[in-house]
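S.K.: with the input below, show me the fold.
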Amino acid sequence: MTLLERLKIETRTAHDRIETAIDLDRRIASRDGYRALLCRFYGFHVAWEGMAGDFAPDPHFFRRRCKTDLLVKDLRALGMTAREISRLPRCDSLMPLPAPAAVWGSMYVVEGSTLGGAVIARDVERRLGLNAETGCAYFRSYGRETAVMWKSFGTMLLTASSPEVDDLIVETANRTFDVMHDWLCEAP
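M.R.: Prediction:
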């Protein structure tokens, strides 16, 4: 079994838990709810990217996948000032990433969310009339390149895979799902 197959199987429960708990229908029913959701994603990504970037085995590969700037763009399009954004709460409960291999597990969760983001983007456009220029850049993230970016991530992940690090990668993926769940599901 490849590491990607193992991750899919061993993180399924955590993935399903967050998908059920986040209640996207409610959160994207109004601009205010949607903006509040983006604020939570911003708080996660700004903290996670800062920490994970310090341990990323390939900094260029990692930076191409950072999404904080897209969230800032969306929040600005939705009426927030740079000052308001800088004062948003940040996820302080992130797990330590003790080794570069752990970043791969955490990236699995973050990169995997871009696949679902394409579906969410269509709902946001339909319900709120927003596109990548008017407040939905984060969920559109890679646009037409989403499948290519996922495939290149999978290739890099499998290159990093070894019996010595695979357990840590899976453990970190599950922990990242837990942190993201707790952070996104916390009020508001």
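S.K.: tell me how far Ala101 lies from Gly116.
M.R.: Counting by Cβ to Cβ, to the nearest Å, the separation of Ala101 from Gly116 is 25 Å. Using the backbone N, CA and C atoms, a C-beta is placed for each residue, glycine as well.
S.K.: number of nearby residues for the spatially closest residue to Glu186 that is not a sequence neighbour?
M.R.: Of all residues not flanking Glu186 in the chain, Arg40 sits nearest, at 7.5 Å (Cβ to Cβ, 6 or more residues apart in numbering). Counted with other Cβ atoms under 10 Å, residues neighbouring Arg40 total 22.
S.K.: host element of Arg40?
M.R.: helix 31-55 (DSSP states H and E).
S.K.: the more surrounded of Ala101 and Gly116?
M.R.: When Ala101 and Gly116 are compared for neighbours, Ala101 comes out ahead with 20 against 13, by other Cβ under 10 Å.
S.K.: and whichever helix in the chain runs longest, which residues are buried?
M.R.: Looking across the chain with DSSP state H, the single longest helix is helix 100-128. Across helix 100-128, burial judged by 16 or more other Cβ atoms under 10 Å covers 101-114, 117-118, 120-121, 124-125, 128.
S.K.: need the contact list for Leu130.
M.R.: By Cβ atoms under 8 Å, 6 or more residues apart in numbering, the residues touching Leu130 are Tyr34, Ala77, Val124, Cys136.
S.K.: centroid-nearest residue for the chain?
M.R.: The centroid of the chain falls nearest to Val110 when counting by Cα atoms, centre = their mean (3.5 Å).
S.K.: ok, now how distant is it from Ser86?
M.R.: 22 Å.
S.K.: and Arg27, what pLDDT?
M.R.: If you check Arg27, the pLDDT there is 92.
S.K.: ok, now which ones touch it?
M.R.: Gly33, Tyr34, Ala36, Leu37.
S.K.: centre of the chain to the helix or strand of the chain with the lowest mean pLDDT, how far?
M.R.: Between all helices and strands in the chain, the lowest mean by mean pLDDT, DSSP states H and E belongs to helix 24-27, at a mean of 91. Distance, stretch centre to chain centre, for helix 24-27: 17 Å (Cα atoms, centre = their mean, to the nearest Å).
S.K.: ditto for stretch 144-158
M.R.: 15 Å.
S.K.: next: stretch 161-168.
M.R.: With Cα atoms, centre = their mean, you get 22 Å for stretch 161-168.
S.K.: what does it contact?
M.R.: In contact with stretch 161-168 (Cβ under 8 Å, 6+ apart) are residues Thr2, Leu3, Arg6, Ala99, Ala101, Ala102, Trp104, Gly105, Ile169.
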